[in-house]
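Peer 1: Quick one, fold the following:
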Amino acid sequence: MTVPRPVRAAAYAMPFLVLPSAAWRLGYILDVWIGGPGRCDTHDAGEGIYIASLSVVSLGFALLTTGLVRPWGETFPHRIPIVGGRPVPARAVTIAALSGATLIAVITSYYVLNQLFGFVDGPTKPVPAGCEPPGADVLLLYAPMLAWAPLLYFVAFDYHRRRTASTRRG
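Peer 2: Numbering: from 1, shown residues only. Coordinates of the predicted model:
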C-alpha cells in the first residue's frame, strides 16, 4: 500500500521541526565549552553533556520517524544479519511510535502550561554580571516542536493502518 503524500510530508518534516532547537542547544553548549560569549551559562559539565545528548537523541528520533514511510520501516534490510529480509513487527513499531508521541505531548504540554501558569519556577542560579539568560527569541526555535507530537500520531496511525491492511489482505 502506498504512503499518502500528506503522511510522507509529515514524516519528512519532523527532523526540520527538531533541528532549530537542537542546533541552538548544540551551538550554545559548544560556545560555552570553547569559552565564547556563552560563558554566561551557569551549567556544569554534566549538564552540558546532557544538553548536547538531548539534541543528538531528539534529532535521531525525529530522523527515525522517516522509517514509518520508507521500505526499511516495513522490511528489515537484507544486510542486517539474522533478521534481514523479514517484516518489521508492525505492532511493536506502532506502540513505540505512539508511546514516543505521547511522551513528547506530555513534555511539551507541561512546558507550555508551566510557562502560562508558572507551576514551577525556573532555575534560580544567578546569571554572571554582564550576562542575560536566553530570551524569547530562543522560544521561536522551540515553537516548531509543538507540532512534533500531533504529526507523529498522524504518521504512526497511518503506518498502523497501512501495515495491518496489508496483513489482512495478504
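
Peer 1: quick check: mean pLDDT across the helix or strand hosting Tyr110?
Peer 2: Mapping Tyr110 onto the secondary structure by DSSP states H and E places it in helix 90-117. Here helix 90-117 scores 93 as its mean pLDDT.

Peer 1: just stretch 46-56 next, same as before
Peer 2: For stretch 46-56, the mean per-residue pLDDT is 88.

Peer 1: Sort out which residues of it are buried, please.
Peer 2: By 16 or more other CB atoms under 10 Å, the buried positions in stretch 46-56 come out as Gly48, Ile51, Ala52, Ser55. Every residue, glycine included, has its C-beta placed from N, CA and C.

Peer 1: Mind giving me the packing neighbours of the helix or strand where the first one lies?
Peer 2: Taking DSSP H and E as the criterion, Gly48 maps to helix 45-64. Using 3 or more CB pairs under 8 Å, 6 or more residues apart in numbering; DSSP states H and E as the contact test, the elements touching helix 45-64 are helix 5-34.

Peer 1: how about the residue minimising distance to the centre of the chain, what does it touch?
Peer 2: The centroid of the chain falls nearest to Ser58 when counting by CA atoms, centre = their mean (3.8 Å). By CB atoms under 8 Å, 6 or more residues apart in numbering, Ser58 lies in contact with Val18, Ser21, Ala22.

Peer 1: in this protein, which ranges drop under the pLDDT threshold?
Peer 2: Counting by pLDDT under 70, the ranges of the chain that qualify are 32-43, 122-133, 166-170.

Peer 1: Contact partners for Pro20?
Peer 2: Per CB under 8 Å, 6+ apart, neighbours of Pro20: Leu141, Tyr142, Pro144.

Peer 1: Pull up the gap between the last one and Thr75, please.
Peer 2: From Pro144 over to Thr75 the distance is 31 Å, taken as CB to CB, to the nearest Å.

Peer 1: Regarding Ala165, what is its secondary structure?
Peer 2: In three-state terms, and counting by DSSP: H, G, I helix; E, B strand; the rest coil, Ala165 is helix.

Peer 1: what's the burial count for it?
Peer 2: The local packing of Ala165 (other CB atoms under 10 Å) involves 11 other residues.

Peer 1: Not counting sequence-adjacent ones, nearest residue to it?
Peer 2: Once flanking residues are discounted, Ala165 sits nearest to Met1: 5.9 Å by CB to CB, 6 or more residues apart in numbering.
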